[in-house]
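Visitor: quick one, structure for this:
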Amino acid sequence: MGWLFLGLAGCTPTMDSRLDEEKNPFFQEGRRRVAALDYKGAIEAFERTLETNPRSALAHYELAVLYDERENNYPAAIYHYTKAIELRPDGSYPADLARTRIPVCKQEMVKTESMATINPSGLRELERLREEAAQWRRQFEAARAELARCQAERVAAPAPAPPADAALAGSGPAVGGSLPAGPARTSVTRTH
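Guide: Numbers count the residues shown, from 1 in each chain. So this is what the prediction gives:
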């Protein structure tokens, strides 16, 4: 009887719901887009996940991370981190990580607000620099994705065969072939 209890205890409702959340095709698409560095597309996919399952703690968490780390939209990140915690009140993944990120997002929001009151022109310059850095990051990520794609194609492509002419060069006429046309040659015998 003890082994039956241990077997049943291994799969909790939280684990089952997490597996179900991961099976959502929009959630899977969001993960693929993150892997492809398409963060805007990933946000759209995770938003569609929430349209089909508003109780997906994983989708809320993925959105929070994207808003936090990629979009610098701290209010949206805090909202989604909070929803992940509400949906997983037991503190399991992803609520445990969400709890650690909310104070960081609040700190970033305070920094941004304090900069605006201290020096409005400095804040505009900071925003310009952030946008420029974001553009460079997007270009870098696109170049890195292109490099990975090219490397994958090179590995997947078969090695090119040497041209037929190169294989025959210097080996004389091909079997069944004829000598090139030209003036008739005669041999001259020299005597010493």
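Visitor: secondary structure class for Ser92?
Guide: Three-state call for Ser92 (DSSP: H, G, I helix; E, B strand; the rest coil): coil.
Visitor: for Glu71, same thing?
Guide: With three-state DSSP as the basis, Glu71 sits in coil.
Visitor: for Ala42, see how far away it is.
Guide: 11 Å (Cβ to Cβ, to the nearest Å). Glycine gets a C-beta too; all of them are placed from N, C-alpha and C.
Visitor: which of the two has more neighbours?
Guide: Ala42 (23 against 15; other Cβ atoms under 10 Å).
Visitor: quick one: mean pLDDT for the longest helix anywhere in the chain?
Guide: Identified as the longest helix of the chain according to DSSP state H is helix 120-156. The average of the pLDDT scores along helix 120-156 is 83.
Visitor: do stretch 57-67 as well
Guide: Per-residue pLDDT values over stretch 57-67 give a mean of 96.
Visitor: contacts for it next, please.
Guide: Surrounding stretch 57-67, the residues in contact under the criterion Cβ atoms under 8 Å, 6 or more residues apart in numbering are 18, 21-22, 24, 27, 30-31, 34, 39, 42-43, 46-47, 49-50, 53, 73-74, 76-81, 83-84, 87-88, 94-95, 97-98, 101.
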